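Novice: no FASTA, just this:
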């Protein structure tokens, strides 16, 4: 009953915005948003919401699963979902149908435009995504579980490290350990990069051997009960150069400064600036080429974005990453990333993995 209450409460909050949005009904097609509002975890579904009805449409593969997971009125479509949904739009008398502007394909929009003849289409910007930014107590607990499992998988995988291991070997070991510990899977493709390739922020693992006396970067996340985690650690293999060690100390100082700046009410850009100011002091700010962090939850990248020009103010309950990094082409890069929950007067760092320089 607790989960049903949470889902129905979320739908009520969406319905409360109908008047401001100037809509009579809202079509939700993005699967993470469908899951957030209904509890349904299948791969094909859509929600049609009115002020007093919640209809979940899916296909016959989920005719048993959907009613078990969701407290919505489940409709099993015998043909394409939109073809089944539009007659219900008419039946419910929805003259103004809202749709997720940033979440649908042109094909879907074109179909709606051609076939929703009795309804005016209204583009809705991020109505559900805005709600998802602030996590409930249950959501925060699930993210914490995902973070802790992720760190445990990292620890287990590092114990298997040996000379001659490749980037792909280590990435496979990490994802294997996640599964063994109970994760649904990785939240994204695990990043493992060594040597000069650590200067690639989103490097794909290759068959390159992890050589001694080089930097090694691992960016990984595990999914638990649908919720993502995210962590990056940069390590040394053997003896690192003084330059690499200086880079590491600068990034760690930057990351700690950013974390220390976090609390409810400050602008996201303040966190980003706190990280950059430290790197500027070390003369390497120009090597920091991405934003300081992002929200996460049912998706690995959600709002809020923690960047230079982000005016959004943080709220207690937001789950965000803090991940400054520096990247020097031809030499290597360093990134350190934790997941935190924003609180009224600061933040709770969920990631338990140590941040002093690990040397393998």
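Specialist: Looks like it arrived, so ask away. Quick caveat, the model's predicted, so the values are computed rather than measured.
Novice: quick one: average confidence on stretch 140-152?
Specialist: Averaging pLDDT along stretch 140-152 gives 98.
Novice: stretch 208-225: how far from the chain's middle?
Specialist: Centroid separation for stretch 208-225 versus its chain: 19 Å, with C-alpha atoms, centre = their mean, to the nearest Å.
Novice: no no, stretch 285-298
Specialist: 12 Å.
Novice: so for it, mean pLDDT?
Specialist: 98.
Novice: same check, this time on stretch 197-204
Specialist: 97.
Novice: now that stretch: buried residues?
Specialist: 197-199, 201, 203 (16 or more other C-beta atoms under 10 Å). Every C-beta, even on glycine, is put in place using the N, C-alpha and C of the backbone.
Novice: what of stretch 286-297?
Specialist: 287-288, 291-297.
Novice: follow the chain on from the helix or strand where residue 253 lies and name the next helix or strand.
Specialist: Taking DSSP states H and E as the criterion, residue 253 maps to helix 242-261. Using DSSP H and E, the helix or strand that follows helix 242-261 in sequence is helix 268-281.
Novice: closest one to residue 73 out of the buried residues of stretch 286-297, please.
Specialist: residue 297 (25.9 Å; C-beta to C-beta).
Novice: so the chain: which segments form each domain?
Specialist: For the chain, automatic domain parsing gives the domain ranges 2-132, 137-349.
Novice: pipe these into CSV and attach distance to residue 359 per row.
Specialist: Output for those, formatted as CSV (distance: least, C-beta to C-beta, whole Å):
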stretch, distance to residue 359
domain 2-132, 39
domain 137-349, 5
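Novice: mean pLDDT lowest where, among those domains?
Specialist: domain 2-132 (a mean of 94).
Novice: tally of neighbours for the residue nearest to residue 125 when sequence neighbours are not counted?
Specialist: What sits nearest to residue 125 in space, not counting adjacent residues and going by C-beta to C-beta, 6 or more residues apart in numbering, is residue 101, at 5.6 Å. By other C-beta atoms under 10 Å, the residues close to residue 101 number 14.
Novice: my read is that residue 101 contacts residue 124, right?
Specialist: Yes - counting by C-beta atoms under 8 Å, residue 101 touches residue 124, with 6.1 Å between them.
Novice: redo the buried residues of stretch 197-204 as CSV? Include secondary structure.
Specialist: Below are these laid out as CSV (DSSP: H, G, I helix; E, B strand; the rest coil):
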residue, secondary structure
197, helix
198, helix
199, helix
201, coil
203, coil
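Novice: from these, pick the one nearest residue 234.
Specialist: residue 198 (6.8 Å).
Novice: surely the closest one touches residue 232?
Specialist: No - the pair residue 198 / residue 232 is not scored as a contact, 10.6 Å apart, by C-beta under 8 Å.
Novice: okay, and the common contacts of the two?
Specialist: Both residue 198 and residue 232 are contacted by residue 217, under the criterion C-beta atoms under 8 Å, 6 or more residues apart in numbering.
Novice: which element is the nearest residue to residue 82 once chain neighbours are set aside on?
Specialist: Nearest-residue entry for residue 82: residue 111, 5.6 Å, with adjacent residues in sequence omitted and distances by C-beta to C-beta, 6+ apart. In the assignment (DSSP H and E), residue 111 maps to helix 106-115.
Novice: what separates that helix from the chain centre, distance-wise?
Specialist: Relative to the centre of its chain, helix 106-115 is centred 29 Å away, using C-alpha atoms, centre = their mean.
Novice: is residue 149 in contact with residue 231, as I believe?
Specialist: No - Residue 149 is not in contact with residue 231 according to C-beta under 8 Å; the separation is 10.9 Å.
Novice: more neighbours: which of those two?
Specialist: residue 231 (24 against 19).
Novice: which one among the buried residues of stretch 286-297 gets closest to residue 138?
Specialist: Within these, proximity to residue 138 (C-beta to C-beta) peaks at residue 297, which comes in at 11.7 Å.
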